[in-house]
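Visitor: sequence first, then the predicted structure:
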Amino acid sequence: MTTKLVLVGGFLGAGKTTLLAKMASIMTNEGKRVGLITNDQASALVDTALLEQLSDNKESVVEVSGSCFCCNFPGFKKAVSHLKDKLAAEIIIAEPVGSCTDLSATILQPLKKYAEDTLSIAPLSVLVDPKRLTNILDKKTGDLHPSAAYILEKQLDEADKIVINKTDLLPSEALETLKNRTIARWPQTSVFAISAQTGAGVNEWMTDVLAQQKAGIRLAEVDYDVYAEGEAVLGWLNTSLEVKGNQIDCDALLQSLLSNLGNRFDEMQAPVGHVKALMIAKNKVVVGNITGKKDTLQVRGSVGKTDEASLTVNARVEMSPEELKAIVLDEFYKLCKDGIEVKETALKYLQPDRPNPTYRFDSVV
């Protein structure tokens, strides 16, 4: 059986995990066997925990952590093989690290050369936040470091499909203008507009990307010195904690944590790639994120009040990882003074190493 592999790239905060969950739900309801692969520089990933909670089968979600797909191609291939062999997955959807680019040269071309007999590779879709897309079109960096904005631009340069997300936040006229500007800037690339949150436009994009056979039809010209700097300017933090107490209001705790972190980062004028937080208790979830300034804060779901819960926080912010760790834990423990016991189960903070891909093709296969 040939399995369809769909790679969904895009910068931090673009909404990739929400889209993966939506697509998996649609395909599962159609009777398809769907596998998901998440990716991060460290374990304790919000994306993995959230997708496992939303899935009927936790075995359908596999995490590749410790490096990006391109720098651990064998690990990525192993995850694909696991889902093919154990789940008999008909469709595998993979989400690379949000700060990664050059995926056509380092992932798609190697797959086309070495795995084309067992995989049907879908075109590379790159999801993009409309505000950050507008900044790129205006030749501005917005709230991103110039080298981080460079990564985003290169993601768009190599895309087979550009997918503008969060259309529910845009007036129709503004969306149409943005689509036209995007088509003019990347005329060789198909452009879609969706809302992964509401589902608008998702079926149209899915139908197209699953039907197409050509993937990685172009390579981006990537300066790895700038690319490395764009990743290294961000401190990365992944932490998981268990909380116990008397009727802890998990929704309020998560909302307050993200709000307070947003205030701290805004006051410091520290650009945010993304900050994600997830609380789980009794098979219920509440998840929230910040993708820039504090006013980008969104919270979904509800856990309500409970005596025990788990919390996972992932933060990518322009500061040292040590400072990021100190701020996140400081704001969290400030909220836990009223009889809440805390146990740290995972803590990793780092600055990403220079990208060193397993393969890097200089031509299209």
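Guide: Done, it's in. Residues are numbered from 1 along each chain as shown.
Visitor: longest strand anywhere in this protein?
Guide: Ranked by residue count under DSSP state E, the longest strand found in the chain is strand 235-249.
Visitor: got the CA positions of it in PDB?
Guide: Output in PDB follows, covering the C-alpha atoms of strand 235-249 (Å, rounded to 0.1, in the frame of the first residue of the first chain):
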ATOM      1  CA  GLY A 235      15.300  31.100  23.400                       C
ATOM      2  CA  TRP A 236      13.400  27.800  23.600                       C
ATOM      3  CA  LEU A 237      11.600  26.400  26.700                       C
ATOM      4  CA  ASN A 238       9.600  23.200  27.100                       C
ATOM      5  CA  THR A 239       8.300  22.300  30.500                       C
ATOM      6  CA  SER A 240       5.700  19.900  32.000                       C
ATOM      7  CA  LEU A 241       4.400  20.200  35.500                       C
ATOM      8  CA  GLU A 242       1.800  18.400  37.700                       C
ATOM      9  CA  VAL A 243      -0.400  20.500  39.900                       C
ATOM     10  CA  LYS A 244      -2.400  19.400  42.900                       C
ATOM     11  CA  GLY A 245      -4.700  21.400  45.200                       C
ATOM     12  CA  ASN A 246      -8.300  21.900  46.200                       C
ATOM     13  CA  GLN A 247     -10.500  22.700  43.200                       C
ATOM     14  CA  ILE A 248      -7.900  24.400  41.100                       C
ATOM     15  CA  ASP A 249      -9.500  26.600  38.400                       C
END
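Visitor: may I see the buried residues of it?
Guide: 235, 236, 237, 238, 239, 240, 241, 243, 245, 248 (16 or more other C-beta atoms under 10 Å). Bear in mind the C-beta positions are built from the backbone N, C-alpha and C, glycine included.
Visitor: please name the residues that touch the last one.
Guide: Which is residue 248. Counting by C-beta atoms under 8 Å, 6 or more residues apart in numbering, residue 248 makes contact with 305, 306, 307, 309, 340.
Visitor: same check, this time on the fourth one
Guide: Going by C-beta under 8 Å, 6+ apart, residue 238 touches 40, 42, 43, 44, 45, 312, 313, 314, 346, 347, 348, 349.
Visitor: just the strands in the protein please.
Guide: Secondary structure of the chain (DSSP E): strands at 3-10, 34-40, 61-65, 91-94, 119-121, 125-128, 161-164, 190-193, 235-249, 272-281, 284-290, 298-301, 305-317, 341-350.
Visitor: just the buried members of the contacts of residue 248?
Guide: 306, 309.
Visitor: among the contacts of residue 248, which one has the lowest pLDDT?
Guide: Minimum pLDDT across those is recorded for residue 340, with 92.
Visitor: next, the contact list for it, please.
Guide: 243, 244, 245, 248.
Visitor: what number of residues lie near the nearest residue to residue 126 once chain neighbours are set aside?
Guide: With C-beta to C-beta, 6 or more residues apart in numbering as the criterion, residue 126 has its nearest non-adjacent residue at 3.8 Å, and that residue is residue 159. Neighbourhood size, residue 159 [other C-beta atoms under 10 Å]: 27.
Visitor: wait, isn't residue 159 in contact with residue 125?
Guide: Yes. Taking contacts as C-beta atoms under 8 Å, residue 159 lies within contact range of residue 125: 7.0 Å.
Visitor: need the residues touching each of the two.
Guide: Contacts common to residue 159 and residue 125, judged by C-beta under 8 Å, 6+ apart, are residue 9.
Visitor: any stretches of the stretch 1-150 of the chain with poor pLDDT?
Guide: In the predicted model, the stretch 1-150 of the chain carries no residue with pLDDT under 70.
Visitor: good, wrapping up.
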